[in-house]
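Asker: just a sequence and a predicted model for now, questions to come.
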Amino acid sequence: MSAESMDNIRPADRLREGDSPATPPPSAGAKRLGGVVGWVDDRLGPAKAVNYLMKKVFPDHWSFMLGEIAMYSMIICLLTGVFLTFWFVPSAGHVPYDGSYIPLQGVHMSEAYASSLNISFDVKGGLLIRQMHHWAALMFIVALSAHMLRVFFTGAFRKPREMNWIIGCILSLLALLEGFMGYSLPDDLLSGTGIRAAQGFMLSAPVIGSYLAYIFFGGDFPGEAIIPRLYGLHVLLLPALLIGLFTAHIVMVAVQKHTQYPGPGRTNDNVVGFPVMPVYAAKAGGFFFIVFGFTALLSALVQINAIWVYGPYDPSAVTAGSQPDWYMGFADGALRLLPGWLEFEAFGFTFSFNVSIGALMLIPVMYGIMAIYPFIEAWVTGDKREHHLLDRPRNQPTRTALGVAALTFYGALLFAAGNDIMAIKLHMSINDITYFFRAGVFILPIIAFWVTRRMCLSLQRADRNLVLHGRETGRVVRTADGKFFELHEPLDDYTRWPLVQQERQVPLELGSGVDAHGVADRSGRSSKRRARLSRFYFGQHVDPVTPEELAAAHHDGHAHEAIEAGEGSRAGHALRSTGTH
C-alpha cells in the first residue's frame, strides 16, 4: 500500500487490516431449508449416514461403469414400465380389433394384444416408450452380465464380498425371469409360442409336472389366467425383489471398502479415488443422462419386437424360426441338443429328461455353481484373507481359464439355439450342425481352458521379461570390443508396479496324514483332494520379479539369466514392501 493511501486511512482502521471479510448471513430460504433438515435429523437421525455416504471414496476406472449402466437401465425400465401400465390391459378376453393398424382391423384377439397395438399406434409416444422399455431390459441384462464377468475375472468376489456375489447371481437369475415374463405379456404369436413352450417345460417335471402346469395356468392351456398372473409377477413381485436386492447390493458396496486395481499407493488398507460429493455424484448424474439418451436414440432408430408383424396368438399356429430373446437362448440350445432317448417310462410315470434337463435343471445348476464358486476357490487355495485389490486376469491363469471355458460352454448352447436358421442360410444339414454342437459343448470348453491358461502364462512371462529388460528402443549400440546390442529403456516405477505386485502362487502342501498323537487324520482324503486341486490351480505359475533379479539385470544385463535358472532367491514380497523396484 502506498504512503499516500496510508495517509487517507484512519489510525483505528489499520488495526483491522488483516481481518477476513465478513460473510453475508444465510438467506431466508436457506434458513427455512436448514430448519426442515434439522427437524428431520432430530427425529430420524440421517445426518451421520448421509455425511458418511457423501464422503465415501470411489476409485475411478471405466470398468466400474458397467454396474452403473445396469442400475440406470433398471431405472429406465421402471420409468417406462409405469407409463405402459396406464394403457396395457392384462386380460386374455377376446375382442375385435378396431385400431389404427389396418391389416388387423376386425381380427379377434386378446385384450392384451389389442392394448399393445393401441400403445404402439394410437398412444402418442407409445411405440418409443415400449421400445425403450424393451431395449433397456436387454441393456440391463447385458450390463449386469458384463459386470459379473468383471467381478469374476478380477477376483472381486473374494472375502468379504461373497454375499454381494450371491446377491448378484440372484439378480441375474431374476432378470432372466423378469425379461421372459415381460416379452410374454403382449400375447402375440411369438410370445404365445414362448408361453406354450414354458407350459411344456412344466409338464416335463418328473411326477409333479402336470399338477404344476395346471396350477400355474389355472386349467388347460392356454386359459385366461396366465396373462394376469404373469402381469402381477412382472410389475409387482419381481420388480420389488430386484429393487430390494439392488439396494442391498449398493448398501454393502458403501459399507465395505470398494475394490480397486493395483497401482502405486494402492493397498488393501486404503481407497484411491474421488468422494461422492461433489466429484462422483456429478459424474454419475451425467452418466445417467448419457445412458438414458443412448437408450432413447437406439429405441427411436432401431425397431425391436414388432408384434404387429406376428399377429395375435393362435394355439394352432407356430412361427417358423421362433426364438426367445438372446439371454434365454442357451436354454433353448440345450433343448435342441438333448437326445430323444432321454425320455422313458418307469414306475408308471413318463420321465422327459430330454426336456427337463435343459429347461428346468440347467439354469438352477449353472447359477448354483456360480454362487458357490467363491467358497470353492477359498477352500482350494486356503486363502481366508480380505482382498480389496483386484487381480489382473493373467495373474490368475486357472481362474481365468475356467471362466473362459464356462463362457465357451454358454456360447455353444447359445449358437445351438439357431441350428435351424444356420441350416437354412448355410445350406447345411441340421443334423450335422446338431452333432457338431453336441460334441462342441464338451470339447470346446476343454480347448478354451487349455488355450486360455497357456496365454495367461505367456503374458506373465512377457511381463516378467519387460520388467527385467525394459522396453525395446530400436537403437543398436556398438560396444568398445565390437559387439552390437539393442538398447533397452528401463521401466519407471509407476509402470513397473502393476507388473510385479502380485503374490507368488504356491500349491498347498499335503500333510503327514496323522495328528499330534500319531492317529490317522480323518480328513486325510479331503486333504488329498484339496492338495490335488491346489496343484491344479497353482501347479503352473510364473513368479514375479524380485528385487535381486531386477538389480542383477540392471547391473550388467546378463546376471538375471543365472537367477532365472534358479540361483537367486525368491523373495517376492520384498519387492512390494521395500519399494526398491
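Answerer: It's in.

Asker: tell me, how many residues neighbour Arg347?
Answerer: No, residue 347 isn't Arg; it's Phe. Residues within reach of Phe347, counting by other C-beta atoms under 10 Å, total 6. C-betas here are computed from N, CA, C, even on glycine.

Asker: quick one: pLDDT of it?
Answerer: We have a pLDDT of 80 for Phe347.

Asker: same check on His554?
Answerer: pLDDT, His554: 67.

Asker: same thing with Ala571?
Answerer: 38.

Asker: do the same with Val37
Answerer: We note a pLDDT of 68 for Val37 in this prediction.

Asker: please apply the same query to Leu212.
Answerer: 88.

Asker: check the one 10 residues further on too.
Answerer: According to the per-residue confidence, Pro222 scores 79 in pLDDT.

Asker: in the helix or strand harbouring Glu178, what's buried?
Answerer: Secondary structure from DSSP states H and E places Glu178 in helix 162-184. With burial defined by 16 or more other C-beta atoms under 10 Å, the residues of helix 162-184 counted as buried are 162, 164-176, 178-184.

Asker: could you check how far that helix is from the centre of its chain?
Answerer: 11 Å (C-alpha atoms, centre = their mean, to the nearest Å).

Asker: from the contact counts, what lies against the following helix or strand past it?
Answerer: Downstream of helix 162-184, the first helix or strand assigned by DSSP H and E is helix 189-203. Contact here means 3 or more C-beta pairs under 8 Å, 6 or more residues apart in numbering; DSSP states H and E; on that basis helix 189-203 packs against helix 162-184, helix 209-217, helix 307-310, helix 353-356.

Asker: quick one: average confidence on the first one?
Answerer: The one in question is helix 162-184. pLDDT averaged over helix 162-184 gives 94.

Asker: that helix to helix 189-203, inter-axis angle?
Answerer: Here helix 162-184 runs at an angle of 120 degrees relative to helix 189-203 (axes from the mean of the first three to the mean of the last three C-alpha atoms, to 10 degrees).

Asker: may I have the beta-bridge partners of the closest residue to Gly106 other than its chain neighbours?
Answerer: Once flanking residues are discounted, Gly106 sits nearest to Pro96: 5.8 Å by C-beta to C-beta, 6 or more residues apart in numbering. Per DSSP bridges, the residues bridged to Pro96 are His108.

Asker: can you offset everything so residue one is 14?
Answerer: Sure thing, new numbering starts at 14, so read that last one as Pro109.

Asker: and the pLDDT at Pro109?
Answerer: Here the pLDDT value assigned to Pro109 is 93.

Asker: any idea how far it lies from Ser123?
Answerer: Distance of Pro109 to Ser123, computed by C-beta to C-beta, to the nearest Å: 11 Å.

Asker: tell me which of those two has more neighbours.
Answerer: Ser123 (24 against 11).

Asker: isn't the more buried one up against Gly324?
Answerer: No - at 11.7 Å, Ser123 does not count as touching Gly324 under the criterion of C-beta atoms under 8 Å.

Asker: give me the distance from the longest helix along the chain to the chain's centre.
Answerer: For the chain, the longest helix by residue count, based on DSSP state H, is helix 443-482. Mean C-alpha position of helix 443-482 versus that of the full chain (C-alpha atoms, centre = their mean) differs by 21 Å.
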